[in-house]
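> Show me the folded form of this:
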Amino acid sequence: MRVPLILRGPGVNRSLDSQSLVANIDLAPTIRELYGLAVPETCQGRSLCSLMAGDENAEWRAGLMTEHYGLHEHVWQRAWYCGRWKFVLQGHGFKDLYDLADDPFDCRNLAGDGHYRERRQMMLDGRLVALQRVGDVPVVSGDSEASAG
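From the prediction side, this is the model:
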């Protein structure tokens, strides 16, 4: 999923074109920091101020979780984005793995391809770490590599 975010204002590097993973949850902490307000520890998002300033040393997230209730099939879905990869786990256990650099429109599901077993596990592990970080739990039973496919 690529949704452009365009920001303008004081402290924003006008020539910056960042490929960092950002989300709408980052807007509230950004606005708070711009107004000199503290960002609560419970806030899941991160301020974009260091990215907007073009700080090349700014640590940023390696992956991003999204979730929604299915459009065509009414089932819960969570997606983990990390670099060029997208991993989706649906509420009934179906898994998707896409290489967004080679397949930007999610046409070729690689989850069942044995050549991508290690990548699939890395994406599953990253997703589980993200869930734990915010105190969430996997919804799907068998949320492991053993049930991949």
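
> Name the next helix or strand following the helix or strand hosting residue 89 along the chain.
Using DSSP states H and E, the element containing residue 89 is strand 85-90. Next along the chain after strand 85-90, taking DSSP H and E as the criterion, comes strand 95-99.

> got the angle for that next one vs strand 85-90?
Relative orientation of strand 95-99 and strand 85-90, computed by axes from the mean of the first three to the mean of the last three CA atoms, to 10 degrees: 170 degrees.

> which phi and psi does the residue nearest in space to the middle of the chain have?
For the chain, the residue nearest the mean C-alpha position is residue 64 (1.6 Å; CA atoms, centre = their mean). In terms of degrees, to the nearest 10, the main-chain angles of residue 64 are phi -140, psi 130.

> where exactly do the strands run in this protein?
Assigned by DSSP state E, the strands in the chain fall at 63-69, 76-82, 85-90, 95-99.

> Could you tell me which strands the shortest one is paired with, and in which direction each runs?
When you say that, I think you mean strand 95-99. Sheet pairing here is set by DSSP bridges, and for strand 95-99 it gives strand 85-90 (antiparallel).

> now the partner strand and strand 63-69, what's the angle there?
Angle, strand 85-90 to strand 63-69, by the same axes, to 10 degrees: 30 degrees.

> could you pull out the helices for this protein?
Along the chain, counting by DSSP state H, helices occupy 27-34, 49-52, 117-133.

> what residues are up against the closest residue to residue 60 other than its chain neighbours?
In space, and not counting its chain neighbours, residue 60 is closest to residue 20: 5.0 Å by CB to CB, 6 or more residues apart in numbering. (Glycine included, C-beta is placed from N, CA and C.) Neighbouring residues of residue 20 by CB atoms under 8 Å, 6 or more residues apart in numbering: 51, 60, 61.

> Could you check stretch 67-85 and say which residues are buried?
By 16 or more other CB atoms under 10 Å, the buried positions in stretch 67-85 come out as 77, 78, 79, 80, 81, 82, 85.
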